[in-house]
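A.B. asks: Prediction below, plus the sequence it came from.
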Amino acid sequence: MEAARQLPEQAAPVFREGVALTLARWSALQMAVDNEWGGRGSRQRADELARDIVAWYTQSKEPLYIDDLEDLLYEAMISLNTVAEDGSVEEVAEKLMILHEECLEGNFAAVEKLREASLKRVAPAHVKQVVEGEEEEDSDTEDMAMDDSPYMMVDAPKSQSSPTPVNKAGDEGRQPQTADADGWTVVGSRKSRAKK
């Protein structure tokens with residue numbers, strides 16, 4: 001196979017940006033960085049990965065194989081204490097290979113799409129951004145809201161009218177059950193009921 005072709009001078013910065021945007025969209029990498037699974041230097045390791053990928057493409061004199069790129073991505077994820085077994089490493093490697101080929105040809109449409117997508121990017125559905133000082137207007141969510149209190153709020157019981165007792169077979173001779181001031185019903189023991 002032929003040696004790796006070099007990116008044209010005007011394509012190199014666009015390719016670098018495309019690599020950074022592709023890695024920014026890789027959820028496994030972003031979770032590892034955001035949660036600092038690789039320690040405090042997780043963000044720096046992710047930035048270093050982007051530089052290593054660009055260097056791998058631009059400084060290699062040998063043919064570029066996707067397997068080598070996958071190995072580079074796997075090693076970077078391991079350095080972040082993350083194992084991606086969801087096929088995302090292979091997917092990201094494939095996208096980067098396609099991006100490189102397009103940049104070699106002077107086609108920057110994929111990078112432009114990544115730019116547009118990053119501008120439109122919103123927080124994932126499972127993540128909610130909370131702005132300090134703002135309160136929600138929705139009354140349904142207020143009812144469900146929980147504060148930092150370790151105690152559970154309980155509504156006081158509404159007064160209930162006692163249902164009229166119905167005499168069943170074997171109920172004769174039983175003392176009527178009454179509720180005390182706290183709302184608890186006092187029930188006699190079984191032994192006293194059986195002797196009567």
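C.D. replies: Yep, it's here. Residues are numbered from 1 along each chain as shown.
A.B. asks: so where do the helices sit in this protein?
C.D. replies: Counting by DSSP state H, the chain has helices at residues 11-24, 27-34, 42-59, 66-79, 88-104, 109-120, 139-144, 190-195.
A.B. asks: Tabulate the ones you listed (TSV), appending distance to Trp184 and mean pLDDT.
C.D. replies: Any C-beta I mention is one placed from the backbone N, CA and C, and that applies to glycine too. Below are the helices of the chain laid out as TSV (distance: least, Cβ to Cβ, whole Å; pLDDT from 0 to 100):
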stretch	distance to Trp184	mean pLDDT
helix 11-24	60	94
helix 27-34	50	94
helix 42-59	56	94
helix 66-79	59	95
helix 88-104	58	95
helix 109-120	59	89
helix 139-144	28	45
helix 190-195	18	63
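A.B. asks: Excluding sequence neighbours, find me the nearest residue to Ala179.
C.D. replies: Thr185 (5.2 Å; Cβ to Cβ, 6 or more residues apart in numbering).
A.B. asks: buried sites along stretch 35-51?
C.D. replies: 38, 42, 45-46, 49-50 (16 or more other Cβ atoms under 10 Å).
A.B. asks: what residues does it touch?
C.D. replies: Stretch 35-51 is contacted from outside by 16, 19-20, 23, 29, 31-33, 72-73, 76, 79-82, using Cβ atoms under 8 Å, 6 or more residues apart in numbering.
A.B. asks: Which two of those residues have the greatest separation?
C.D. replies: Arg16 and Asn81 (26.5 Å; Cβ to Cβ).
A.B. asks: For the residue nearest to Ala179, give me the pLDDT.
C.D. replies: We note a pLDDT of 79 for Thr185 in this prediction.
A.B. asks: returning to what we had before: could you check which of Arg16 and Asn81 has the larger neighbour count?
C.D. replies: Arg16 (19 against 13; other Cβ atoms under 10 Å).
A.B. asks: ok, now how distant is the more buried one from Thr185?
C.D. replies: When distance is defined by Cβ to Cβ, to the nearest Å, Arg16 is 75 Å away from Thr185.
A.B. asks: same thing with Ile53?
C.D. replies: Relative to Thr185, and taking Cβ to Cβ, Ile53 is found at 72 Å.
A.B. asks: the more surrounded of those two?
C.D. replies: More neighbours surround Ile53 than the other of Ile53 and Thr185, with 24 against 9 (other Cβ under 10 Å).
A.B. asks: give the contact list for that one.
C.D. replies: Ile53 touches 19, 23, 69, 72, 96, counting by Cβ under 8 Å, 6+ apart.
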